[in-house]
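1. Pasting a predicted model and its sequence here:
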There are 2 protein chains.
Amino acid sequence: MKNRHLDESEARAYHHGDLRRALVQASLAIVGEEQDWAFSLREVARRAGVSHNAPYNHFADKNDLLVAVAAAGLERLRDKMLAAIEGIDDPALALLASGLAYVRAGVENPALYRLIFGPALAAAGARPVGVMAAGARTREVLEQIVERGAGAGAFAIAPDDSRGRAVATLSAWSAVHGLTTLAIDGLADPQLSIDELVIGVTGTILNGLRPR
Amino acid sequence: MKNRHLDESEARAYHHGDLRRALVQASLAIVGEEQDWAFSLREVARRAGVSHNAPYNHFADKNDLLVAVAAAGLERLRDKMLAAIEGIDDPALALLASGLAYVRAGVENPALYRLIFGPALAAAGARPVGVMAAGARTREVLEQIVERGAGAGAFAIAPDDSRGRAVATLSAWSAVHGLTTLAIDGLADPQLSIDELVIGVTGTILNGLRPR
DNA sequence: ACCTGAACACCGTTCAAGT
DNA sequence: ACCTGAACACCGTTCAAGT
């Protein structure tokens, strides 16, 4: 009864060291299905079919689980960006495509987006290294597009200007990240569609990076 | 004892219909002093010197209080932006000044910034009108700068292009909003100072809006 | 009209105990 | 090594009762 939503192999796996992964998956399921990013640790345990303190064998506390979930969510975001720029040579088009994928992912699953940039990162004390590392890997996607654009002369950045590349990367990330949260919060212009907003905002960034 | 941190006039005021305001002030104090945006309703009541369910006479539930706190925080943000652009005629400089004020405010009080764009707006069900209205007033500051810039020919937007103005406004807000959250989350480049980051990112936006 | 105290269901975390 | 059940302090919310 407790395990009725799990098949036998999955139930067995909990005794094989997979509970950690199962708890992260259960969390992602709750976030995605119920759009609830403030779920309780006990609810996750219930969904995974274990007692409410079994998670403590794999995570120091609730925030430690949230860190793992946020990191997994960031990896998903990164994968979508990578898939979106696959085969696109023009750096400007690649930046637009990655931005579209990023904002769409956030708007499609707002609760996950809020979780990623929410409680885990806000935790007092030491920075949660898991999320930070995943965030760095996500930023790298934009960094590489900027680097290609700078090398090809598509963006007005000298090849040896690492500061310029950092600013360009952060400009692009800030714009799509800010647009995503404003759209999720209902603070973006409702007259325009999400795609129109992304194209418009990314267009401003691309215009700002273009050689004059 | 319960009221030891309140003087008599303040204590009396709670019987004059000011508890609502006092609870919002107490919340802002907790957020600012303890950098804790996930405070409990009971803690707010304790700080205000009332029983733990007195708040229910003024707010429907905890989220209703959070909405009021978020709206107050947004008004503060708006006031800082307005003060920063006071007397600046050049639209480009005004946009930079407002952006600097915005990001600095967020970085100085990250917990308040998280609260503003956090739980209240994420609440399931109906949109919290209080925050939405305050958000619209905050966006208006940027809108007016863009409008001035479009009129003066400082930005490449035709006078009758309301769509262009909306995109420009959202581009500016997205950039500073995204930069603020990334900086707070420790995901911005640590090599550069906050002011350098704002100048760089705002520079990209301004460059993108400038006539060619 | 506004506030209080008791009560309820729920939560995060700890601890002793089981296999 | 990993999991369970009891226990503790705390929370959001409701309700009856006070002024």
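-> It's in.

2. who's in contact with stretch A:53-62?
-> Outside stretch A:53-62, the residues that touch it by C-beta atoms under 8 Å, 6 or more residues apart in numbering or on different chains are A:Leu19, A:Arg20, A:Leu23, A:Leu41, A:Val44, A:Ala45, A:Ala48, A:Leu65, A:Ala68. Every residue, glycine included, has its C-beta placed from N, CA and C.

3. swap the cut-off to 6 Å and go again
-> Contacts to stretch A:53-62, defined as C-beta atoms under 6 Å, 6 or more residues apart in numbering or on different chains, come from residues A:Leu19, A:Arg20, A:Leu23, A:Leu41, A:Ala45, A:Leu65.

4. now swap in stretch A:202-212 and tell me
-> A:92, A:96, A:99, A:155-156, A:168, A:171-172, A:175, B:171, B:204, B:207-208.

5. List the contacts of the spatially most central residue of chain A.
-> Nearest residue to the geometric centre of chain A (C-alpha atoms, centre = their mean): A:Leu74, 3.0 Å. Shown in contact with A:Leu74 (C-beta under 6 Å, 6+ apart): A:Ile116, A:Ala134, A:Gly135, A:Thr138.

6. how near is it to B:Arg210?
-> 34 Å (C-beta to C-beta, to the nearest Å).

7. burial measure for A:Ile184, as a count.
-> 20 (other C-beta atoms under 10 Å in any protein chain shown).

8. What does the pLDDT read for it?
-> At A:Ile184, the pLDDT value in this model is 97.

9. wait, what's in contact with it?
-> A:Pro110.

10. if you set the cut-off to 10 Å instead, what comes out?
-> Neighbour list for A:Ile184: A:Val103, A:Gly106, A:Val107, A:Asn109, A:Pro110, A:Ala111, A:Tyr113, A:Arg114, B:Phe117, B:Leu121, B:Ala122 [criterion: C-beta atoms under 10 Å, 6 or more residues apart in numbering or on different chains].

11. Output those in JSON lines; the columns should cover neighbour count.
-> Output for these, formatted as JSON lines (neighbours: other C-beta atoms under 10 Å in any protein chain shown):
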{"residue": "A:Val103", "neighbour count": "27"}
{"residue": "A:Gly106", "neighbour count": "23"}
{"residue": "A:Val107", "neighbour count": "18"}
{"residue": "A:Asn109", "neighbour count": "21"}
{"residue": "A:Pro110", "neighbour count": "19"}
{"residue": "A:Ala111", "neighbour count": "22"}
{"residue": "A:Tyr113", "neighbour count": "24"}
{"residue": "A:Arg114", "neighbour count": "23"}
{"residue": "B:Phe117", "neighbour count": "26"}
{"residue": "B:Leu121", "neighbour count": "23"}
{"residue": "B:Ala122", "neighbour count": "21"}
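
12. In strands, which of these fall?
-> Among these, DSSP state E puts none in strands.

13. can you redo the residues you listed as TSV with distance to DNA strand D and pLDDT?
-> What follows is the contacts of A:Ile184, written out as TSV (distance: C-beta to the nearest atom of the strand, whole Å; pLDDT from 0 to 100):
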residue	distance to DNA strand D	pLDDT
A:Val103	31	98
A:Gly106	27	98
A:Val107	27	98
A:Asn109	24	98
A:Pro110	21	97
A:Ala111	18	98
A:Tyr113	24	98
A:Arg114	18	98
B:Phe117	19	97
B:Leu121	16	93
B:Ala122	14	91
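
14. From B:Glu34, how far out is the residue lying closest to A:Ala72 once chain neighbours are set aside?
-> Nearest residue to A:Ala72 in three dimensions, chain neighbours excluded: A:Val24, at 5.7 Å (C-beta to C-beta, 6 or more residues apart in numbering or on different chains). For A:Val24, the distance to B:Glu34 equals 30 Å [C-beta to C-beta].

15. and what of A:Val103?
-> 34 Å.

16. between the helix or strand hosting A:Ser171 and helix B:162-184, how many degrees?
-> Taking DSSP states H and E as the definition, one finds A:Ser171 inside helix A:162-184. Calculated by axes from the mean of the first three to the mean of the last three C-alpha atoms, to 10 degrees, helix A:162-184 forms an angle of 110 degrees with helix B:162-184.

17. Next step: the contacts of stretch A:53-62 restricted to strands.
-> Among the contacts of stretch A:53-62, no member falls in strands (DSSP E).

18. Look at A:Val24 and B:Glu34 and report which has more neighbours.
-> Higher neighbour count among A:Val24 and B:Glu34: A:Val24, with 21 against 12, using other C-beta under 10 Å.

19. For chain A, what lies in contact range of DNA strand D?
-> Proximity of chain A to DNA strand D, by C-beta under 7 Å from any atom of the strand, involves residues A:Tyr14, A:His15, A:Gly17, A:Leu19, A:Val50, A:Ser51, A:His52, A:Asn53, A:Ala54, A:Tyr56, A:Asn57, A:His58.

20. Near the residue nearest to the fourth one when sequence neighbours are not counted, how many other residues are there?
-> When the adjacent residues along the chain are set aside, A:Leu19 lies closest to A:His58, with 5.8 Å between them (C-beta to C-beta, 6+ apart). By the other C-beta under 10 Å criterion, the neighbourhood of A:His58 contains 17 residues.

21. and A:Pro85, what is it in contact with?
-> Actually, residue A:85 is Ile. It isn't Pro. A:Pro91, A:Leu93, A:Ala94, A:Leu95, A:Leu96, A:Ala97, A:Ser98, A:Ala101, A:Val141, A:Leu142, A:Gln144, A:Ile145.

22. Try it again at 7 Å.
-> A:Ala94, A:Ala97, A:Ser98, A:Ile145 (C-beta atoms under 7 Å, 6 or more residues apart in numbering or on different chains).

23. Going by distance to DNA strand C, which of these wins?
-> A:Ser98 (34.3 Å; C-beta to the nearest atom of the strand).

24. can I assume that closest one is in contact with A:Met81?
-> Yes - counting by C-beta atoms under 7 Å, A:Ser98 does reach A:Met81; the two are 4.4 Å apart.

25. okay, the two: which has more neighbours?
-> More crowded of A:Ser98 and A:Met81, by other C-beta under 10 Å: A:Ser98, with 26 against 23.

26. so which strand or helix has that one?
-> helix A:91-108.
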